[in-house]
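Sequence and predicted structure, then a few things I'm wondering about:
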There are 4 protein chains.
Amino acid sequence: MKAKLDEEYVQIDQVDWQPFPAAFSTGGIRWKLLHVSPERGAWSAIFDCPAGSSFASHIHIGPGEYLLTKGVMDVRGGKANGGATAVAPGYGYESANSRHDQTAFSVDSEFYMTFTGPLQFIKPDGSTVAVIGWQEAQGAWAALAAAA
Amino acid sequence: MKAKLDEEYVQIDQVDWQPFPAAFSTGGIRWKLLHVSPERGAWSAIFDCPAGSSFASHIHIGPGEYLLTKGVMDVRGGKANGGATAVAPGYGYESANSRHDQTAFSVDSEFYMTFTGPLQFIKPDGSTVAVIGWQEAQGAWAALAAAA
Amino acid sequence: MKAKLDEEYVQIDQVDWQPFPAAFSTGGIRWKLLHVSPERGAWSAIFDCPAGSSFASHIHIGPGEYLLTKGVMDVRGGKANGGATAVAPGYGYESANSRHDQTAFSVDSEFYMTFTGPLQFIKPDGSTVAVIGWQEAQGAWAALAAAA
Amino acid sequence: MKAKLDEEYVQIDQVDWQPFPAAFSTGGIRWKLLHVSPERGAWSAIFDCPAGSSFASHIHIGPGEYLLTKGVMDVRGGKANGGATAVAPGYGYESANSRHDQTAFSVDSEFYMTFTGPLQFIKPDGSTVAVIGWQEAQGAWAALAAAA
């Protein structure tokens, strides 16, 4: 017999920020991993993004939803380039297969995001750099927390 | 051929609060519906909960995740009764089949939640009052927004 | 650290058929529960449906997919009533919130189905008889297997 | 307002087999794509696998479930190598992140499988050859059917 999964709670302000891997971001983005779901391959995290920071090009393998709690986030190039410019408080739904060539922060920003499935980081030609899912996120987070 | 779904963006502070149905809450809870996903049966919303408000007894049919951005939320009776007491900023994962007999707010609070599947509101004996999923949430929201 | 879930394998012909609960079917339907997923609330089973058998009225809370390997299955009243009449080998996708007032078998039939989320069995007025998900299915199956 | 998704039905024996892309299989595997789900990134197909055929190394990004209706399928090297050897009628659950370096058929076999998320085809060192999800499957299938 399989058991119902346990509920989880994280007191966010008692968890230290860790640097988000430089292979996938620039400008000093930090994160806190809040949850991973091995069965669905889902994971949730909160990100602290200084003015001028950005994420490397990636595709959302499954749907992702964000709540921007502070600042401004240009998604898919921002509104000026056909994407979205989120201004806190803003909510976004990034559907499965959404390609984010530029996710950039013009001011200090913070957002919470739930991911179903991995992020596929890509080169300009679409070839794969890395597929980062719950397991890789959990491993990276554990290594960062241990080193801190 | 089926198309990739569109991305969505909601400027949260440009959407008016609506009263959450009194059949499922007391004390003046208000909400903004941010997204519904017909295929997965998922939906996302933000809730404004005055001091003294609470949600009626319910079961989470699928997993739900919340970000408490303001205030205090007692889940499953609160920490004093074996549940969790979330204090902003707090994150919670409510696993599939979690039963919430009491979700109460002792101070003015606000939280964002992503739901996969419906809420099954129940009587004390466990019998079903109503099953409220993306379709019911969307219908209720549209009616409230039209009446406002 | 959470672990990757284990793979599972079931040798179907080494599992005995059990009667499907009479509260939810008539005519001698039997089943084998093959898998439950506590995190997603998903479950999978194979059903043996004699000529003249049928399932009680229900709503699929999440999407379900079936492979009819033998016989004929009238879904949503059958093709004559605007539904589908599946003839083996047939595949069907029943989207979230699909209401099945009649699922009937005119000849001896067998089908395999994957469910995401529960079945909400209902009365003609739409009120809920029972919400049967992975946990209830697992409990019923364990009781049947123990009694056999 | 978003609408409930339509139900779908496929009369499997009225769809012609198409060759499964040689980049991802050897030995003459053929398939029929039955369904794609853009929102969840899920897809379902049936595969015809001659004796001696096999799939190239891949990782299941999300959970997959199969029903082997004919023949024998060696998964993860087969039972002799710590994996599973499915013999029809057999059911298998391949959890998210399952790595399948060898999926081979010693006799003529057929199986139906539901995938959540893509298959990540990989080289022996784990680097990515291609990420094949609902959109790539749909595109490949449409091209094959048009050319047939």
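Right, received. Where do you want to start?

Please name the residues that touch the residue nearest to residue A:138 when sequence neighbours are not counted.
Take residue A:138 and drop its neighbours on the chain: the residue closest to it by CB to CB, 6 or more residues apart in numbering or on different chains is residue A:36, 4.9 Å away. C-beta: built from backbone N, CA, C; applies to glycine. Residue A:36 makes contact with A:42-43, A:134-135, A:137-138, C:2 under the criterion CB atoms under 8 Å, 6 or more residues apart in numbering or on different chains.

The same query, at a cut-off of 6 Å, please.
The neighbourhood of residue A:36, defined by CB atoms under 6 Å, 6 or more residues apart in numbering or on different chains, consists of A:43, A:134, A:138, C:2.

Mark which of those are part of helices, please.
When DSSP state H is applied, the contacts of residue A:36 are split such that A:134, A:138 fall in helices.

Chain D: which of the contacts of residue A:36 is nearest?
residue A:134 (7.7 Å; CB to the nearest CB).

For the closest residue to chain C within chain A, which non-adjacent residue is closest in space?
Nearest residue of chain A to chain C: residue A:39, at 3.6 Å (CB to the nearest CB). Spatially, and ignoring its direct neighbours in sequence, residue A:39 is nearest to residue C:39 (3.6 Å; CB to CB, 6+ apart).

now residue A:17
Nearest non-adjacent residue to residue A:17, counting by CB to CB, 6+ apart: residue A:30, 4.0 Å away.

Pull the number of nearby residues for the one you found.
Look at residue A:30: counted by other CB atoms under 10 Å in any protein chain shown, it has 18 neighbours.

those helices in chain A, which residues are they?
A:134-147.

near chain D, which residues of chain A show up?
Residues of chain A lying near chain D by CB under 6 Å from any CB of the partner chain: A:41, A:62, A:96-97, A:117, A:120, A:128, A:131, A:135.

Max pairwise distance over the residues you listed: which two?
Maximum pairwise distance among those (CB to CB): 20.9 Å, between A:97 and A:135.

Format the contacts of residue A:36 as JSON lines; extra columns: pLDDT, neighbour count and distance to residue A:69.
Shown next, in JSON lines, are those (pLDDT from 0 to 100; neighbours: other CB atoms under 10 Å in any protein chain shown; distance: CB to CB, whole Å):
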{"residue": "A:43", "pLDDT": "98", "neighbour count": "27", "distance to residue A:69": "18"}
{"residue": "A:134", "pLDDT": "97", "neighbour count": "26", "distance to residue A:69": "23"}
{"residue": "A:138", "pLDDT": "98", "neighbour count": "18", "distance to residue A:69": "23"}
{"residue": "C:2", "pLDDT": "97", "neighbour count": "12", "distance to residue A:69": "26"}
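
mind listing which of the residues of chain A next to chain D are in strands?
If you go by DSSP state E, the residues of chain A next to chain D have A:120, A:128, A:131 in strands.

Touching, the last one and residue A:119? I think so.
No: applying CB atoms under 6 Å, one finds residue A:131 not in contact with residue A:119, separated by 7.6 Å.

Neighbours of the closest residue to residue A:69 other than its chain neighbours, how many?
Closest residue to residue A:69 apart from its sequence neighbours, by CB to CB, 6+ apart: residue A:110 at 5.1 Å. Neighbour count of residue A:110, defined by other CB under 10 Å: 18.

Also residue A:67?
Using other CB under 10 Å, residue A:67 has 25 neighbouring residues.

and what of residue A:120?
If you count neighbours by other CB under 10 Å, residue A:120 ends up with 25.

need the residues of chain A near chain B, please.
In this structure, chain A approaches chain B at residues A:4-5, A:7-13, A:34-35, A:44, A:65, A:67, A:84, A:89-95, A:97-98, A:112, A:114, judged by CB under 6 Å from any CB.

For the residue nearest to residue A:39, give me its contacts.
The neighbourhood of residue C:39, defined by CB under 6 Å, 6+ apart, consists of A:5, A:37, A:39-40.

Pull up the gap between it and residue C:60, please.
Distance, residue C:39 to residue C:60, using CB to CB, to the nearest Å: 19 Å.

Kindly report the same for residue A:86.
34 Å.

Ok, residue A:31 next?
Distance from residue A:31 to residue C:60, counting by CB to CB: 37 Å.

Please apply the same query to residue A:51.
Remark: distance between residue A:51 and residue C:60 (CB to CB) = 48 Å.

so the residue nearest to residue A:138 bridges to which residues?
When assigned by DSSP bridges, residue A:36 has beta-bridge partners residue A:43.

Same question for residue A:90.
With DSSP bridges as the rule, residue A:90 is bridged to residue A:68, residue B:11.

Hmm, residue A:66 and it touching each other?
No: the pair residue A:90 / residue A:66 is not scored as a contact, 8.1 Å apart, by CB under 6 Å.

out of the two, which sits in the more crowded spot?
Taking neighbours as other CB under 10 Å, residue A:90 and residue A:66 compare with residue A:90 leading, 24 against 21.

Now stretch A:14-33: buried residues?
Within stretch A:14-33, the residues scored as buried using 16 or more other CB atoms under 10 Å in any protein chain shown are A:18, A:20-21, A:24-25, A:29-33.

wait, which of these is closest to chain B?
Lowest distance from chain B to the buried residues of stretch A:14-33 (CB to the nearest CB) belongs to residue A:32, with 8.8 Å.

count of neighbours near residue A:145?
Neighbour count of residue A:145, defined by other CB under 10 Å: 13.

Repeat that for residue A:76.
Counted with other CB under 10 Å, residue A:76 comes out at 18.

what's the spatially closest residue to it that is not a sequence neighbour sitting at in phi/psi?
In space, and not counting its chain neighbours, residue A:76 is closest to residue A:83: 2.8 Å by CB to CB, 6+ apart. Here is the backbone geometry of residue A:83 (degrees, to the nearest 10): phi -90, psi -150.
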